[in-house]
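# Could you look at this predicted model? Sequence included:
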Protein chains: 2
Amino acid sequence: MTSAEGSRAEGTRVSRRKLFGLAGAGVALAGAGAAAGIGIDKATSGNAEASTNTVDFHGEHQAGIVTPAQANLHFAALDVTTKDREKLRQLLKTWTDAARRMTAGQEVVANGAVGNGAYAPPGDTGEALDLPPSNLTLTIGFGPSLFDGRFGLAGKRPPQLIDLPLFPKDKLDPARSGGDLCIQACADDPQVAVHAVRNLVRLGFGVTEVRWSQLGFGRSSSTSREQQTPRNLFGFKDGTNNIKAEEPDVLGDQVWATAADGPAWMAGGSYLVARRIRMHIETWDRETLDGQEKIIGRTKGSGAPLGQTAEFDELDLDVGGAGGEKVIPEDAHVRLASHQALNGVRILRRGYNFVDGSDGVGHLEAGLFFLAFNRDTRKQYVPMQQALSSKDAMMEYVQHTGSAHFAVPPGVTRESSWADALFS
Amino acid sequence: MTSAEGSRAEGTRVSRRKLFGLAGAGVALAGAGAAAGIGIDKATSGNAEASTNTVDFHGEHQAGIVTPAQANLHFAALDVTTKDREKLRQLLKTWTDAARRMTAGQEVVANGAVGNGAYAPPGDTGEALDLPPSNLTLTIGFGPSLFDGRFGLAGKRPPQLIDLPLFPKDKLDPARSGGDLCIQACADDPQVAVHAVRNLVRLGFGVTEVRWSQLGFGRSSSTSREQQTPRNLFGFKDGTNNIKAEEPDVLGDQVWATAADGPAWMAGGSYLVARRIRMHIETWDRETLDGQEKIIGRTKGSGAPLGQTAEFDELDLDVGGAGGEKVIPEDAHVRLASHQALNGVRILRRGYNFVDGSDGVGHLEAGLFFLAFNRDTRKQYVPMQQALSSKDAMMEYVQHTGSAHFAVPPGVTRESSWADALFS
């Protein structure tokens, strides 16, 4: 029996069932459809991975910061369209419940895709129904504009949450910059990340709308020693010296805001800088290997710092070459971005590569969607980017086209919500 | 000993080695870097999966058509910028060699990222160096405009390769439509697909340039019975009734061009229709479950045709409901797209979901990048799309924003190239 015959036979069996009363008006049929679909909550789908590849939503800090970087990103910046403080507060609570569910591999609301009844819109949009949780994390942030007075939050604005300065060579597109709120969704399946953002956006209808949105892939930095260092679109290993989840002292020093830093509501939180960095890959690809390696300060193959032999060899900025010139040039990216050159300052990078189609003049619109978490952007990202944007040899090959800054509040418990710290 | 100390110790060891002569001018260091990087051809990287998750590039038909749909897509349409027929022919040969290598998990040229020497640009851009082959397929197509006479190919244009008509409600963006050539890259890792397209584009410098490019994820149709049916961004299973790799008779009837069809050079090839379909997901999400299911003609949970109980139950277009109305409405998508309604006509769909950021008015720019292969677009895709665009209830929720049509030549042997059929 061919498979086609098999399905025909099954079809016949169903037709027979219909004779006994299942056939009927739309209501009955929709009911039958719903019955067939009931119980497809992903956490109970029987997928062996589904129960294990989840990241706990709860904790002192939000997930999605030191969580080993997942393969895919969907990042959305939103503007609040209401002036009603209570609606915003309620949305943040609703979003928390939704995020709690989705990161556990469940639909956004219980039995959402089919359980609301035939004559209501489904509670979940459904495109992730059959997919495992895929290590989904959802991380929220509050932009400077959220504290402009519309919601009585002006007094709550953290001094660290500055309006970022315009850096040399910035060419920022307002349509890719700013935002009252951000949602960072990371997952090992892009459809899971997209589904999560979409359903949060949907829950925000009438309160928020999408200002800009960015997909990314091929995490451009590892955030855990468990992970192989990935490569950026310049073909180089990126993030070798990134802060790792296994370095609690460094995280405490460089990433997590404290009550003493002020404001108290941000204790356990962090500050997120998002920069859309267009890479002129066609120009880069015409640079010699030697030139590329001197711009980066690492070898292309192994990722070893110039003058060393293996990727994780310590960066030695003083190694001298022939003629007294330093092996790692003065304008090399690794030098300027190193904590040695920045008085010990570091950041936790968590960016993703992107290709957003083509640019209309024959090239791929490709680059790095840079995401970095730091304890105080004024003291960490800003001086680093000042140094890079004014001196980095790499600046010839990149252009910052989008920019945003967010205060990322601390994590939540099973009982608390993303609204609590902000509105406490 | 902490890991930081460990790397410091290693750094010291290397510093000691430097005392014995490794430190030196840029040349020597670049050499050392290259040495450390040599032999990183992915096929020999020791990754257990690397040798197994490849798709054979060679065959009667090009790979990437009936190949079980991979998770990610990068599709590029290119224009030829030279008028030199020989350069085009040579590029197609070069591309074939490059595709043969990359689909085998190798760099685009042997030892490309670091093997050209320090003072030449690397032969491979490098970002896929550490990644397994990921089932990469590369599929080439020729657009109608390639046969306009610039290359002496006017007499070779297949009659099937029509300029697609404008369908009702089309709102096509010229910047997302057409193209002299296309490259479809599919892989289970987006970075592998992006790397492949980028390196082919790079090899084409001076001969071709990118006209438009599209990334996709979450394959929106399965092409093999081995695969679970994925869901599109309407949250519905899509492609249940798609032509599958396991149906050689149907493929022969509906997908593969024959010598008898003419032209002879297309025997074993197919015709590819690409349509960028923006989905108005926010509007869709406000539709009731009953409404959504009647528009699609399937239940949302199980994917069963309305009136049936399981996904693969045969579509019965005549099931009657209460009041004499058909259970699958006259304007349901499954009815209009069914071979029952189209005199037996079918197509092989191989599309992907996309989210291209936001649309500037508060919504996600999301949809379906529709790819379909058929034996004769005039007799298959065109009548199907005429029916859908004029009658399909789904048209209220979608808009076709890009369109292209390509003749996809037959597959190649280890000795032949993508140039051979066209220039034979």
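Perfect, thanks for sending it.

# The closest residue to chain B within the stretch 201-350 of chain A - how many residues pack around it?
Taking C-beta to the nearest C-beta, chain B has its nearest neighbour within the stretch 201-350 of chain A at A:Gly301, 1.2 Å off. All C-beta spots, glycine's among them, are computed from the backbone N, C-alpha and C. Neighbour count of A:Gly301, defined by other C-beta atoms under 10 Å in any protein chain shown: 27.

# do the one 3 residues further on as well
Look at A:Ala304: counted by other C-beta under 10 Å, it has 25 neighbours.

# okay but it is in contact with A:Asp316, surely?
No. With contact defined as C-beta atoms under 8 Å, A:Ala304 does not count as touching A:Asp316 (11.0 Å).

# about what we covered before: pretty sure the residue of the stretch 201-350 of chain A closest to chain B belongs to a helix, no?
No. Under DSSP: H, G, I helix; E, B strand; the rest coil, A:Gly301 falls outside any helix and is assigned coil.

# any shared contact partners between A:Ala304 and A:Asp316?
Common neighbours of A:Ala304 and A:Asp316, using C-beta atoms under 8 Å, 6 or more residues apart in numbering or on different chains, do not exist here.

# What about the spatially closest residue to A:Ile243 that is not a sequence neighbour? Give its phi and psi, please.
The shortest distance from A:Ile243 to any non-neighbouring residue, by C-beta to C-beta, 6 or more residues apart in numbering or on different chains, is to A:Leu348 (4.4 Å). Note on A:Leu348: its backbone torsions stand at phi -100, psi 110 [degrees, to the nearest 10].

# how close does A:Leu348 sit to B:Val355?
Relative to B:Val355, A:Leu348 is positioned 26 Å away (C-beta to C-beta, to the nearest Å).

# again with A:Ala175
On the measure of C-beta to C-beta, A:Ala175 and B:Val355 end up 16 Å apart.

# between the two, who's got more neighbours?
Legend: neighbour count by other C-beta under 10 Å for A:Ala175 and B:Val355, higher for B:Val355 (26 against 13).

# What pLDDT does the model give that one?
pLDDT, B:Val355: 97.

# That one: which element?
Secondary structure assigned from DSSP states H and E places B:Val355 in strand B:352-358.

# next helix or strand past that strand?
Later in the chain than strand B:352-358, the nearest helix or strand by DSSP H and E is strand B:364-374.

# do that next one and chain A meet?
Yes. Applying C-beta under 8 Å from any C-beta of the partner chain, one finds strand B:364-374 touching chain A at B:Leu364, B:Glu365, B:Ala366.

# I'd guessed A:Asp313 sits against A:Pro305; true?
Yes. Between A:Asp313 and A:Pro305 there is a contact under C-beta under 8 Å: 6.0 Å.

# Between these two, which is the more surrounded one?
More crowded of A:Asp313 and A:Pro305, by other C-beta under 10 Å: A:Pro305, with 31 against 22.

# and the spatially closest residue to A:Gln380 that is not a sequence neighbour, what is it in contact with?
Leaving aside its sequence neighbours, A:Gln380 sits nearest to A:Asn374 (C-beta to C-beta, 6+ apart; 3.9 Å). Applying C-beta under 8 Å, 6+ apart to A:Asn374 gives the contacts A:Gln254, A:Val255, A:Ser270, A:Tyr271, A:Val273, A:Arg346, A:Ile347, A:Leu348, A:Gln380, A:Tyr381.

# Now list the buried members of these.
A:Gln254, A:Val255, A:Ser270, A:Tyr271, A:Val273, A:Arg346, A:Ile347, A:Leu348, A:Gln380, A:Tyr381 (16 or more other C-beta atoms under 10 Å in any protein chain shown).

# Going by residue numbers, what spans are helices in the stretch 51-200 of chain A?
Applying DSSP state H, counting those that start in this stretch to the stretch 51-200 of chain A gives helices spanning A:85-103, A:190-203.

# neighbours of the residue of the stretch 51-200 of chain A found nearest chain B, just the number please.
The stretch 51-200 of chain A approaches chain B most closely through A:Gly126 (2.5 Å), counting by C-beta to the nearest C-beta. By other C-beta under 10 Å, the residues close to A:Gly126 number 29.

# who's in contact with it?
Shown in contact with A:Gly126 (C-beta under 8 Å, 6+ apart): A:Gly112, A:Ala113, B:Arg231, B:Phe234, B:Gly235, B:Phe236, B:Lys300.

# Mind doing that once more with 6 Å?
A:Ala113, B:Gly235, B:Lys300 (C-beta atoms under 6 Å, 6 or more residues apart in numbering or on different chains).
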